[in-house]
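Novice: A structural model of the following input is requested.
(2 chains)
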Protein chains: 2
Amino acid sequence: MEGKKISVVGSGLIGRCWAILFAKAGFQVSMYDVDQVQIKNALETCKTQLKKMEEDGVIDNKKVNSEEILRKITGSTNLNEALSNSFYIQECTPENLELKKQVFSELSKNADEGTIVASSTSCLMPSLFTENLSNRSHCIVAHPVNPPHLVPLVELVPSPWTDVDVIEKTKKLMIQIGQSPVVAKKEVNGFILNRLQYALLMEAWRLVEDGVCSPEDVDLTVSKGLGLRYAIMGPFETIHLNATGVKDYCERYGSNIENICKEGGARAMSGKTAEKIHEAMCNIVPVDKLEDRRVWRDTKLGELFKLEHH
Amino acid sequence: MEGKKISVVGSGLIGRCWAILFAKAGFQVSMYDVDQVQIKNALETCKTQLKKMEEDGVIDNKKVNSEEILRKITGSTNLNEALSNSFYIQECTPENLELKKQVFSELSKNADEGTIVASSTSCLMPSLFTENLSNRSHCIVAHPVNPPHLVPLVELVPSPWTDVDVIEKTKKLMIQIGQSPVVAKKEVNGFILNRLQYALLMEAWRLVEDGVCSPEDVDLTVSKGLGLRYAIMGPFETIHLNATGVKDYCERYGSNIENICKEGGARAMSGKTAEKIHEAMCNIVPVDKLEDRRVWRDTKLGELFKLEHH
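Specialist: This is a model prediction of the structure:
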């Protein structure tokens, strides 16, 4: 990847983080913005942030130091120059549909043929701003989590006309720069992460509104309980390990959970979906290895415990 | 607390963990079970687990070592002996309402006057098994999270007739042994933690059932994204920091979230509840200190990042 060029369009908070991530992985990064002062600020912030990452040990400076990374990032106010020879463009402009339409139209005219154009949008479905573009098969959403250099998840959301190959290449690139991509098979409002986040937030809201507990206690329940487990494994592996596999869990606890979630729109925790989730989890942890995995989980929890207490 | 005695009734997985937690904090612990073999096994497991905690650095053996802790735990098959002189009883029998009724009736007859009797139940509301007891004002639920010696959250759930003083004393005891108590102001099915967990699980279920993404990608979204944040702060502080406070967040994003949560039974994210949550969060992080707290959050995320990558 040495010498291969990536463009970052928009030099705000998220654009700067993307620039650092790509440069850290060895790519040349050209960061575009309309205003020279904004570019200058962005490069200075990148420098400060890279220094902090080095101090905090987030960058392994035996491999590459912060100055080498910074040298790979250049700024430009000339769109054509910023995009030329790039095989991948990461768009990071404000969350506004009309603006995204304009920006994507500009990028479509100026990008090299075959270049992937990915939007960082957290909430706009890609079909809404790519439909009429000649390069629409090469457009996709690659939504990072804030702050991207510390939280590796990236949601890839294709539109109905995104090439399968573009999804695969973007996924590969994300893995290459150390991020963890997940792929939405279709566009939905809120994508994946925010749908999960909002479901929990709405229940938190109900608990306070219904006088069950204080906002502070909701937060403690997550940060001193649920969240420690979720930093290690997701909701499906959690239930997989909390019984003898997902199907056993659903048979034991499913009807009670459906009952508790009534206001929250419960689905039946049985049938084909139960089979599907059970099989997926068994591929990761076979039922006869559950105990080993529980030991692993507890070792990881012990590491989090020490982080908090020493 | 040296010399003060606590009884643990039921020597299964959770009973053993409670015994360790109380003994680690300096209490004498009497662990009761009906069967001598079960007691013997429990004490052996405590020994193994304490050794592992010492090896993993979860016990700070400059302060107290695993053998000293183990010596504070004794076993008994005589209920009267096990309970005599205890100021606090932690009940840890299987999750079965009829059994809990029987056990609590026995404990009521045998406990010293004024002794607090706490159940470890994860799902049975305390009014269901304490209503007719003479000591019902001293009964409460203290539900730990598995594994309790690594995940500190404890949910305290009083019945309508639990003394306020009993709630306060139990809360104080939990803090004293290093756990993080939260208090439900009234009984609800699923208490607090499981209601939050099930809301997220149900949305995860819908995402798979509706073909939005694979079970594996749901889990990655949590373990590489949402869960890293939730190991550091709860859902309300998260939104407090993701805008200029909770109220600003609700005004900006509330209607979109209500829309996304439609199937999941949305409440309006405005009005009195918004005020209440906003004030609670401002007590923890005033609006003019949000940026400092974001820096703190990122430092913590950096620690998690290093844990994963080095």
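
Novice: any idea which residue is closest to the centre of chain A?
Specialist: residue A:154 (2.4 Å; C-alpha atoms, centre = their mean).

Novice: for the helix or strand containing that one, C-alpha coordinates in CSV please.
Specialist: Element membership of residue A:154 [criterion: DSSP states H and E] is strand A:153-158. C-alpha atoms of strand A:153-158 as CSV (Å, rounded to 0.1, in the frame of the first residue of the first chain):
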residue,chain,number,x,y,z
LEU,A,153,-16.2,-0.4,14.3
VAL,A,154,-17.2,0.8,10.8
GLU,A,155,-20.6,0.2,9.3
LEU,A,156,-20.7,-0.4,5.6
VAL,A,157,-24.0,0.4,4.0
PRO,A,158,-24.4,-0.2,0.3
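
Novice: what stretches of the stretch 151-300 of chain A score poorly on pLDDT?
Specialist: Within the stretch 151-300 of chain A, the stretches with pLDDT under 70 are A:264, A:266.

Novice: these two touch, right, the residue nearest to the centre of chain A and residue A:142?
Specialist: Yes. The pair residue A:154 / residue A:142 is scored as a contact, 5.5 Å apart, by C-beta atoms under 8 Å. Glycine gets a C-beta too; all of them are placed from N, C-alpha and C.

Novice: for the closest residue to residue A:190 other than its chain neighbours, grab phi and psi.
Specialist: Closest residue to residue A:190 apart from its sequence neighbours, by C-beta to C-beta, 6 or more residues apart in numbering or on different chains: residue B:260 at 4.3 Å. Dihedral angles of residue B:260 (phi, psi; degrees, to the nearest 10) stand at phi -70, psi -30.

Novice: packing partners of the helix or strand where residue A:238 lies?
Specialist: Mapping residue A:238 onto the secondary structure by DSSP H and E places it in helix A:235-241. The criterion is 3 or more C-beta pairs under 8 Å, 6 or more residues apart in numbering or on different chains; DSSP states H and E, and the helices and strands that helix A:235-241 contacts are helix A:246-260, helix A:271-284, helix A:290-309, helix B:193-209, helix B:215-221.

Novice: reformat those helices as a markdown table; add distance to residue A:197 and mean neighbour count.
Specialist: Formatted as a markdown table, those follow (distance: least, C-beta to C-beta, whole Å; neighbours: other C-beta atoms under 10 Å in any protein chain shown):
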| stretch | distance to residue A:197 | mean neighbour count |
| --- | --- | --- |
| helix A:246-260 | 19 | 19 |
| helix A:271-284 | 20 | 17 |
| helix A:290-309 | 20 | 16 |
| helix B:193-209 | 8 | 24 |
| helix B:215-221 | 9 | 24 |
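
Novice: distance to residue A:163 added to these, as CSV?
Specialist: Below are the helices and strands packed on helix A:235-241 laid out as CSV (distance: least, C-beta to C-beta, whole Å):
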stretch, distance to residue A:163
helix A:246-260, 34
helix A:271-284, 26
helix A:290-309, 37
helix B:193-209, 24
helix B:215-221, 20
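
Novice: strands of the stretch 51-200 of chain A, start to end?
Specialist: Counting by DSSP state E, counting those that start in this stretch, the stretch 51-200 of chain A has strands at residues A:73-76, A:86-91, A:116-119, A:139-144, A:153-158, A:180-183.

Novice: isn't residue A:267 up against residue B:209?
Specialist: Yes. Counting by C-beta under 8 Å, residue A:267 touches residue B:209, with 6.1 Å between them.

Novice: what touches both of the two?
Specialist: Common neighbours of residue A:267 and residue B:209, using C-beta atoms under 8 Å, 6 or more residues apart in numbering or on different chains, are residue A:273.

Novice: run through the residues that contact the closest residue to residue A:234 other than its chain neighbours.
Specialist: Once flanking residues are discounted, residue A:234 sits nearest to residue B:219: 2.6 Å by C-beta to C-beta, 6+ apart. Shown in contact with residue B:219 (C-beta under 8 Å, 6+ apart): A:233-237.

Novice: ditto for residue A:16
Specialist: Counted by C-beta under 8 Å, 6+ apart, residue A:16 has contacts A:31, A:42, A:45-46, A:49.

Novice: between these, which is nearest chain B?
Specialist: Distance to chain B, by C-beta to the nearest C-beta, is smallest for residue A:49 among the contacts of residue A:16, at 9.7 Å.

Novice: what's the closest non-adjacent residue to the residue of the stretch 1-150 of chain A found nearest chain B?
Specialist: Nearest residue of the stretch 1-150 of chain A to chain B, counting by C-beta to the nearest C-beta: residue A:150, 4.0 Å away. The shortest distance from residue A:150 to any non-neighbouring residue, by C-beta to C-beta, 6+ apart, is to residue B:301 (4.0 Å).
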